[in-house]
Every structure is written in structure tokens, then in C-alpha cells.
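J.: Turn this into a model:
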Amino acid sequence: MLMLDLSVVNVALPVIRQELDAGFEEVQWVLDAYALTLAVFLLTAGALADTLGRKKIFQVGFVVFTLASLACGVSNTGLALDISRGAQGVGGAVLFAVAPALISHQFRGRERAVAFSVFGAIIGLAVALGPLIGAALVTTASWRWIFYLNIPIGVFAIVITAVFVRESCDPRARGVDVPGLLVLSVALLALVLGLIRGPQDGWSDPKIIGLGVLAVAGLALFVVVERRRGPAAMLDMSLFGNVTFVGLALVALFAYMAGTTSIFLEANYVENVLGLSAWETGVRFLPLTFGMLVAGTVAGMVMNRIPTRLLLFGCGAFLCAAMLLVLLADQDSSWTALLPSMIAAGIGMGAFNPPRASVAMLVAEPARAGMASGASETFQQIGVALGIAATGSLFQNHVAREFSDSAVGKQLGDSGVDTHTLGVTIANGGAREASEAIPGPLRQDFLRSADSVFVSSMHLCFVVLAVVAGIGAVTALLFIRRRDMREDVPEDVEAESDMSKLAVSDR
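T.: As a prediction, the model looks like this:
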């Protein structure tokens, strides 16, 4: 449901922007509000699940996510949708954090590998179906139905969890870390706000500098608070003494910063430059989503036979190649110019989740599985928030600057047109609507220039994302180590004396 929601929303963003008359920044926040609350509450969700019971908290997460989906569907303004998406992120944080811990507790040995394989395959299937389902709903009904769709799925999942999932918890857990939650929330909010507003207001603006200082100070204070709280901390700081945990966190951050942002940019390119409808866009994204489905299934099957660092390095390498292959596409291309990139990205993104989720369980004690899973997911979602915020700002400002400096932009500027604002409109996907106000002799030149600066700015962003993905690949190779992962897993985390061996193949 979570991955379906993510891929569905990406396809519907241009339509949402038009119907709600939302600006580029509001559209960014449709994704960023979700990613931000996910990042903030993942650790808390994992720790709370360890304390009160993973099954119980998992069901609460479904309730919150389902009700928030209803709120998204009835939203009539960009702000209302952004707030509702933030609430969705709270529910999503619970589901993302607790699901791997439930799988780890429910299955043992070879069964666990199969379970994570199925987990990866379902994620891939959801992403594969998302664009088509979203496009179909947007085309035949309304974008609101992409959120209403979550309601019956959520109700069904609550019932299934109640019937088939066993309860588990950490008997040593000490409750919710309220000070840690508050400090981390403020720090992450300041960080993302600064990244979004920085390019618009200027990096030397006192407000942006203040947000940066607040973010750094907040993160530093969070470390101090967590160390002082000891066993009651929402994040066990001793995890950062595990090289593999640190490496996995960074790899997750870089991979999702590149992968998720690339989908956001490509969807805008296909709809705004190539002029395809939401349905046509969804169909053309099938190679990417099919690649994710196949790669997720295969990765789950082979991750016990291939060293994890090599598997994650391969994911990063495929993502890096995918980002660079986007440079083959320009304003005159067919959508097929994106095919090589889509296939490579599908493989890199699809194969990433099964080994990441499995390793996150193996770098911590079984009783702290929820915390470890939540920590891994936190860095993943921070990557989503940072990627969309930073790349979106870079893209918008580069489009505005390039258009203002173009021949058409200078002609319009000489006639009194605010070319910077017009450039922002182009970045928002509004070039066709804006062209109606352009004098006839310049209209075609304007559209041509708009597409050109859109594509050149997109290329710049993908070069940056390629570097990010490459750093993630190298990080996996250097920091993921088999000796940092435990090999003994208790049969029941509530009975610590009852232990069984889990033979972990060479990772």
C-alpha cells in the first residue's frame, strides 16, 4: 500500500498541480511532507512497537494511514493536501518501521530469506502497478481516487494482521523517547525547509543561515540527548559503532535520494515536454516498474548466496548508470530515449530493498529489531526528503535563470515581462498555458526555448544524482561487512533464553 501510494502520486502530481492551482513548492511538499514525517517518526514508531507490541502498533499505523488517505482525497487546497500527506507519513512511518521486524520475528532461517524475497516482490509489484492504476484513476475518475484506493486496502490489511500475525515485543523497552522525538523533529524540519527555501531566498539570507544553524545544532543536541537517555533512547547510539549499520544508513540515504527524485523529474519531463497524458505516462513507465518487480524478486532469492556489499554496490552502480542514461533524452526525443535509464533504474531500485531490510535486522539484537528497522528506514526517507527538496530547488532556479538568459527571454524582458517568474512557471510545467499570453510571432520560439531550458536543467539534476548514486555504491563496497552482522537469532524475542542458530551465508 505504501509503495503503491508513492508511485501513484508521482504520476498524478502534474494533474494535482493544475486542479489545485498549486505552485512548484506546494507540489514538492506533496512528496516532502510525506517523506519528512516518515523520517521523523520512523525511529519513534520502531521503538514504540518494541515497547507496546509490534502487531498492535502495526495495526494502529494502518488506521492512521487509512484515515489520512481519506483526508488527502477530500483536500481542496495545496496546503490541505500537504498537511494530510504529512499525517499519511506518520502512519506510513509505523508500517515501514515495523514490517521488516514482524517478518524477522515471524520467520526463521531459509523461511526468512523466502519471506524477504516475497516482500521485495510485492514492493516491486506495487510500484509496477502504481503508475497504471494512478493514470487510470486520474484519467477516468479523479486524482482523489488515488488516495481513496487506500481505504479498502487498509481495512483488509488490518483484518489480515489481526488473524495471521503473532505479537512480539522487547520486554526491556522503556517507552517513548519524547525529548529525542521533539529535538529530531525540529532539526529535520529546519534542514528540509532550508533546502527548499535556500535557492529562492538566497543561501546568504539570514533566515536560511538560521535554519542551517538550527538543523546542525538540533542534530548535535539529539546525539547528546540520546546518549544521556541510555536504554530509554529512541535510537541506540551504540549502533553507530557498528560500521555496517553506518554504511547501510548512508547507502539507503544516497540510493533513495537518487532513485525517488529521478522518478519525480522524469514524470514531469514526459508530461510537460513530451506532452503525454497521465495514462500514457503510466504506460511508458512500465519498463522501470517491471524491472523493479523482477529485480526485487531475484534479489530476495539470491541475497544469501551473494555478499551483501556486492549486491548493494551493484544496486548503486545501476542507479548511477540510470541517472547518466537520462542524458540521452532531449526536447525532440521519443519517450523510448528513456528506456535504457528506466531499465537500469528498475534493476537498481528493485534489488535494493530485500538485502537492506535483511541486513538492518542483523546489525542489532533481535529485541531491538523495531529500532534497527526504523533507523534504517529513517535514513532512507531523509534521502527522499533531501533529494526532492534540493534537486527540486536546483531545477526550478536553473530553469528560471537559463530562460532569463535565453534569446527569447531577453526579448520578453526588454518588453517588460518578468522573465524570472515566467521561468518558474516553465519549471512548474505551465509553459503551454503561459504561451497563450506571448505575442504570436514569439510563441513558437518561446515554447521551443521553454522545452530546451527544461531539458538542460533536468540534465544538470541527473548529473548531480549520478554522483550521489555513485557515492552510495562506493559506500556499500567499503562499509558493509559480514563480521558486523550477528549469526544467532532467538526463536522468540520474548523468551530470550530460547535461542536457535541462523546460518548466514557469506555477506
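J.: where does P366 land on pLDDT?
T.: P366 is assigned a pLDDT of 68 by the prediction.
J.: One more: the one 4 residues further on?
T.: Reading off the per-residue confidence, G370 sits at a pLDDT of 61.
J.: Over to G218?
T.: Reported pLDDT for G218: 93.
J.: Beyond the host helix or strand of I382, next helix or strand please.
T.: Using DSSP states H and E, I382 sits within helix 369-405. Sequence order places helix 407-414 as the next helix or strand after helix 369-405, per DSSP H and E.
J.: Tell me the buried residues in that following helix?
T.: 408-409, 411-413 (16 or more other C-beta atoms under 10 Å). Any C-beta I mention is one placed from the backbone N, CA and C, and that applies to glycine too.
J.: How is this protein divided into domains?
T.: 2-167+234-399+454-501, 177-233 (automatic domain parsing).
J.: Pick the most deeply packed of the ones you listed.
T.: domain 2-167+234-399+454-501 (a mean of 22; mean count of other C-beta atoms under 10 Å).
J.: you'd agree A344 is in a helix?
T.: Yes - read with DSSP: H, G, I helix; E, B strand; the rest coil, A344 is one of the residues of a helix.
J.: that older thread, out of the buried residues of helix 407-414, who's nearest R483?
T.: Checking the buried residues of helix 407-414 against R483 with C-beta to C-beta, the nearest one is G409 at 57.8 Å.
J.: helices or strands next to the helix holding I382 in the packing?
T.: With contacts defined as 3 or more C-beta pairs under 8 Å, 6 or more residues apart in numbering; DSSP states H and E, helix 369-405 has these neighbours: helix 24-52, helix 78-106, helix 178-201, helix 243-272, helix 353-362, helix 407-414, helix 419-427, helix 440-479.
J.: right, and those - which one's nearest I347?
T.: Counting by C-beta to C-beta, and looking across all of the helices and strands packed on helix 369-405, nearest comes helix 243-272 at 11.1 Å.
J.: I'd like the distance from that closest one to the chain centre, please.
T.: 7 Å (C-alpha atoms, centre = their mean, to the nearest Å).
J.: quick one: that helix to helix 419-427, angle?
T.: 100 degrees (axes from the mean of the first three to the mean of the last three C-alpha atoms, to 10 degrees).
J.: immediately after helix 243-272, which helix or strand?
T.: Counting by DSSP H and E, what follows helix 243-272 is helix 278-284.
J.: got the angle between the next helix-or-strand element following that following helix and helix 243-272?
T.: Sequence order places helix 286-302 as the next helix or strand after helix 278-284, per DSSP H and E. Inter-element angle recorded for helix 286-302 and helix 243-272: 160 degrees (by the same axes, to 10 degrees).
J.: Next, the angle from helix 286-302 to helix 353-362.
T.: 40 degrees.
J.: Restricting to C-alpha, output helix 286-302 in CSV.
T.: Extracted C-alpha coordinates of helix 286-302, given in CSV (Å, rounded to 0.1, in the frame of the first residue of the first chain):
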residue,chain,number,x,y,z
LEU,A,286,6.2,0.1,-17.1
PRO,A,287,9.8,-0.9,-18.1
LEU,A,288,11.0,0.8,-14.9
THR,A,289,8.4,-0.8,-12.7
PHE,A,290,8.7,-4.2,-14.3
GLY,A,291,12.4,-4.1,-13.7
MET,A,292,11.8,-3.3,-10.1
LEU,A,293,9.4,-6.3,-9.8
VAL,A,294,11.8,-8.8,-11.3
ALA,A,295,14.9,-7.4,-9.6
GLY,A,296,13.2,-7.4,-6.2
THR,A,297,12.2,-11.0,-6.6
VAL,A,298,15.6,-12.1,-7.8
ALA,A,299,17.5,-10.2,-5.1
GLY,A,300,15.4,-11.8,-2.3
MET,A,301,16.2,-15.2,-3.7
VAL,A,302,20.0,-14.7,-4.1
